Structures are given as C-alpha cells and as structure tokens.
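>>> coordinates only, sequence not included:
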C-alpha cells in the first residue's frame, strides 16, 4: 500500500514540486492557484486533463501528402543534371517542416492548459526514441508525436501496440522490411530490451520467434500508414516467453505486456522520470503492484505517484537535473516570455544536448548528470543571459556603468521581451532581503543558501537603489546558479 502525503503537508512548496515534475513549472501565481485546490484537487486537475478543452493546432502540412510519391518518382525519372536539384528541394522542404515541427511542439509545452499531457508526450518520445535522421519525414515524426499524445495516460498495451504499428517506428527499426523468408529481429529485440521488459528477461530464442510473429507488419508508402501484408506473415507455430501458438504481432505484444516484469519495467521508467533515480526494490514492488492492479492503465498509476508521500520526500524534491527541454520551457514560463525564434530554440537545444525528434540512438537520452557537462552548463548560463537580456550578454557586461552618476542613462536592450516588473514589482524592491526572497520564490520555490545567496546579496546591495536593468542582471545571476538547474 502506497502511503499518501498527509493533507497538512500540502502547501506552496509541494504544489510547486508537483507542477515542476508533472508539467514544466509555473509562476508564483500559477503555483498558488494549484496549492489552493488541495492535494487531490491539484493532482486531478493535472491527470484528468481530457476534461480541459484541447487548444492544440497542428501544422498545416501535418497530414498525408498524396503528391509525395509523385515527387519521388519525378526525381527518379529526371535527367541526371536535374535530379540533384530536385533532391535538394525535397530535402529543403523537409528541413523547413522539421524546424516548424520542433517549434510547434515547444509552443505546445509552453502554452498548453494540459501540461501533464505534454510532459508524458516528452517522456514517451525518449522511451520510444525515434530519429528523423533515419525516418526523413517530418509528417511521420509529427504523426508519432500525436500517437504519444493521444495515448499518453491510457493503457500500456494500447500504447505499445499503436507505437509498434506507427510508420516512423516501422521505418526506424526496419520492421517494414520484415517478411517470413527473412524476419528482421531489430524491432522484436528492442521491444523486449528497451521498450517493455529490460535486459535479462527474455532469451535470444524469444527474439527470433517474436520476429517471426511480427512478419507482415509493414508500411504503405503511398498512403503513409501501417499495413498488414498477410503474404509476408509467417503463420507457423512460435514459442515466445513460455507460450506456444500461431501468434501474430498483436498477440506477441499482449504476451509481452502480460509478463509481470513488463509492469515493473514501465512503472520504474515512469517513476524515474517523474520521481527519483535508483528507487529501492521494495518501493518498485509496491508501485508495480499498483500499476498491475489497475489493469496496466497509466492514469490511476500517475495519481498514486503524485499523491504519494515518497514523491514529496527530501530524496526527490529538487534532486532532478532539468533536461534541456525542461530548462527552456520552465525558464520561459518563469520569465513570462515567449519562446525564442525557431532557429534559436533549435540551436539552443542542440547545444544543450537534447534535439527533439533526433535522439542520439534507440536508447534515447541518458539524462541525469549527462545533461551537465562543462560545455552544456556554460551554454545554459549563456543562453539564460540571452533569455533575460534579449541579446548577446557580453555586450551588456562590457557596458556596465562605471559610476553612480551614469546609472539612470542605462536602458534595457531594445526589443527585450521581459517586463522586469513581473519579476520583481516596484513595491518589492525596497530592501535586499525582500528582493532575494521574491527571486528565490519565483525561480527556486525556496530560499537561496550559501555562496550563491551571498553572491546575489552582494550584487543587489552594490546596485541599490535598483532599477529595471539591475533586476534583469539579478535574474540572470540566479538562473546561473547550480540550484536553478535542478527541479
């Protein structure tokens, strides 16, 4: 039985933690609103997101392209001197769509009234890691993203089945080429090792037999959709995970999901993403039992996690390193600003180590400490200055005033997107401790301590009385602390 957080322990800090982990954080006003709902009300408001109207607007090109094959045929039949230019045109179109797709999803994460749905979509993207570098079709990547979103908190078997039949996945793991004469084992292996069971819970024979059962699952390139090709399917008897029969792909996935290890595997993956790393065996036994007891449905399991005492423990709260996407979206929320332009957002995430729709391999991103290399951390600090100051921060550092008499001639950079009065209102700039507390509450949901606190205090005291530009530089400083990299 999972022990619940006591009602008297629910407060502003616990509400902030819930919003950080089950979404992408929020402003003090949004956190206070969530806190006022109480524990169950707050959790229900996030998990039962289908009750909230869906505001998502898909890219105009996010639909099957009936002219696609004709264009490819034209390229194939074109004279040699024209073929290269036609290929470049097609590649340019795909690059443009990919840039738009990445920004489109980031905007959804930033603006959605359903933050948990987008956070789950991000989780499943990393779990079923599929890259556009091999798929080479932005529409198919959008379509897979839509599969994750529609099934984000539903049934484990339904999600696994839909993803397995998703065109991007069929291409990514070569399932589209698998036929009874030559079964391709790539997908059968990864569905057991990475998606549903984990290493050590299957045999090589299980993979070989499952690959036979999956033959015939293919990709209809003309209509850009899944197709089952009976003539390519191996109808013979297979033995997989101790069961024997003339299994097809759907039956194999059901056999996999029915393994007790499958419940434990996915339950632990979700806990690690939303809760904490390296959970104890006893805790995972409890969570896996809860997940299995709820029929392998994610929604009741998520409610169990988010209302549990363990989720709000000292070993979990502010112990997770923000992923680059979490960092960008939560920073934009806290600063109450729009996202940077598409190319800048895409470049930032690439430099920070998390390109959407292009995970490094089928295992996805390692996460954790891998997000914080020396270069990545420096890039975070530099990009924080960009988000706050609106342009190259080095120019502002060079232009810092040399004497008190010049201080009122300074101006916030032209085109700057942030209103400093939203960060620290004018009536809360009267003394250093108030300013530090306001900044801590907004950006850390806690008080700064130690060296970082002293650095910020010294800066604020050296600039008093504070103007808007001082507030922006103080904001940049707090976003460049180790504490801000945690959630």
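In hand now; what should we look at? Everything numeric here is computed off the predicted structure, so don't read it as measured data.

>>> and the longest helix for the protein?
helix 80-111 (DSSP state H).

>>> what are the buried residues along that one?
In terms of neighbour count (16 or more other CB atoms under 10 Å), helix 80-111 has its buried residues at 94, 97-111. For glycine as for every other residue, the C-beta is placed from the backbone atoms N, C-alpha and C.

>>> can you check stretch 268-287 too?
For stretch 268-287, by 16+ other CB under 10 Å, it's 268-276, 279, 283-284, 286-287.

>>> on that earlier part again, among the buried residues of helix 80-111, which one lies nearest to residue 145?
residue 105 (6.6 Å; CB to CB).

>>> surely that closest one meets residue 146?
No - contact status for residue 105 versus residue 146: not in contact, 10.6 Å apart, counting by CB atoms under 8 Å.

>>> picking that back up, hmm, which of the buried residues of helix 80-111 is lowest in pLDDT?
Lowest pLDDT of these: residue 94, 94.

>>> let me see the contact set for that one.
The contact partners of residue 94, taken as CB atoms under 8 Å, 6 or more residues apart in numbering, are 136, 137, 138.

>>> gap between the spatially closest residue to the first one that is not a sequence neighbour and residue 135?
Spelled out, it's residue 136. With CB to CB, 6 or more residues apart in numbering as the measure, residue 94 is the residue that lies nearest to residue 136, at 6.6 Å, once sequence neighbours are left out. Residue 94 sits at a distance of 10 Å from residue 135 (criterion: CB to CB, to the nearest Å).

>>> so where's the protein uncertain?
391-417 (pLDDT under 70).

>>> can you list the domain ranges for it.
Per the record, the chain has its domains at 7-257, 402-487, by automatic domain parsing.

>>> determine which stretch of those is the most buried.
Greatest average neighbour count among the domains of the chain goes to domain 7-257 (a mean of 18), per mean count of other CB atoms under 10 Å.

>>> what segments of the stretch 351-487 of the chain are helices?
374-389, 393-398, 420-423, 432-443, 450-463, 468-479 (DSSP state H, counting those that start in this stretch).

>>> redo those as TSV? Include distance to residue 257.
Formatted as TSV, those follow (distance: least, CB to CB, whole Å):
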stretch	distance to residue 257
helix 374-389	36
helix 393-398	50
helix 420-423	47
helix 432-443	42
helix 450-463	46
helix 468-479	42
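
>>> out of those, which is closest to residue 43?
Closest among the helices of the stretch 351-487 of the chain, using CB to CB: helix 432-443, at 22.5 Å.

>>> so what touches that closest one?
Contacts for helix 432-443 (CB under 8 Å, 6+ apart): 27-28, 334, 423-425, 428-429, 446-448, 453, 456-457, 460-461, 464, 466, 471, 474-475, 478-479, 484.

>>> try it again at 6 Å.
28, 334, 424, 428-429, 447-448, 456-457, 460-461, 478, 484 (CB atoms under 6 Å, 6 or more residues apart in numbering).

>>> which stretches of the chain form strands?
With DSSP state E, the ranges of strands along the chain come out as 217-220, 225-228, 238-240, 243-245.

>>> can I get those in CSV with distance to residue 263?
Below are these laid out as CSV (distance: least, CB to CB, whole Å):
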stretch, distance to residue 263
strand 217-220, 24
strand 225-228, 26
strand 238-240, 18
strand 243-245, 17
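
>>> to residue 16, which of the ones you listed lies closest?
strand 225-228 (41.8 Å).

>>> list the helices and strands the closest one packs on?
Packed against strand 225-228 by the contact rule (3 or more CB pairs under 6 Å, 6 or more residues apart in numbering; DSSP states H and E) you find no helix or strand.

>>> next one: it to chain centre, how far?
Centroid separation for strand 225-228 versus its chain: 28 Å, with CA atoms, centre = their mean, to the nearest Å.

>>> neighbouring strands of it in the sheet, and parallel or not?
strand 217-220 (antiparallel) (DSSP bridges).

>>> tell me which residues are up against the strand it pairs with.
Contacts of strand 217-220 (CB under 6 Å, 6+ apart): 167, 170, 175, 176, 227, 229, 249.

>>> now swap in stretch 188-206 and tell me
173, 207, 210, 211, 214, 240, 241, 256, 261, 262, 265, 362.

>>> which of those lies closest to residue 315?
For the contacts of stretch 188-206, the nearest to residue 315 is residue 265 (21.9 Å; CB to CB).

>>> distance of residue 439 from residue 475?
For residue 439, the distance to residue 475 - CB to CB - is 7 Å.

>>> for residue 390, same thing?
The gap separating residue 390 from residue 475 is 12 Å, by CB to CB.

>>> now residue 307
Taking CB to CB, one finds residue 307 at 33 Å from residue 475.

>>> just residue 159 next, same as before
Taking CB to CB, one finds residue 159 at 40 Å from residue 475.

>>> residue contacts, residue 187?
Applying CB under 6 Å, 6+ apart, the residues near residue 187 are 173, 175.

>>> begin at 366 from now on, thanks
In the new numbering, first residue 366, that becomes residue 552.

>>> which one is the spatially most central residue of the chain nearest to, not counting chain neighbours?
Most central in the chain under CA atoms, centre = their mean is residue 487, positioned 2.9 Å from the mean C-alpha point. Excluding the flanking residues, the one nearest residue 487 by CB to CB, 6+ apart is residue 690, at 6.2 Å.

>>> residues near that neighbour, how many?
As a burial measure, residue 690 scores 24 neighbours (other CB atoms under 10 Å).

>>> how close does it sit to residue 463?
16 Å.

>>> try residue 604
Residue 604 is 42 Å from residue 463, where distance means CB to CB.

>>> what's the answer for residue 577, then?
35 Å.

>>> ok, residue 480 next?
From residue 480 to residue 463 the distance is 24 Å (CB to CB).

>>> now swap in residue 470 and tell me
In terms of CB to CB, residue 470 sits 11 Å off from residue 463.

>>> residue 645 too?
Taking CB to CB, one finds residue 645 at 41 Å from residue 463.

>>> before we move on, what about residue 600?
40 Å.

>>> ok, now residue 381?
On the measure of CB to CB, residue 381 and residue 463 end up 34 Å apart.

>>> one more: residue 598?
From residue 598 over to residue 463 (counting by CB to CB), the distance is 34 Å.

>>> over to residue 368?
Residue 368 is 45 Å from residue 463, by CB to CB.

>>> and if you look at residue 682?
In terms of CB to CB, residue 682 sits 36 Å off from residue 463.

>>> again with residue 695
Distance, residue 695 to residue 463, by CB to CB: 24 Å.

>>> now swap in residue 813 and tell me
39 Å.

>>> next one: the residue nearest to the centre of the chain from residue 721, what distance?
Taking CB to CB, one finds residue 487 at 9 Å from residue 721.

>>> and residue 637, by the same measure?
Relative to residue 721, and taking CB to CB, residue 637 is found at 20 Å.
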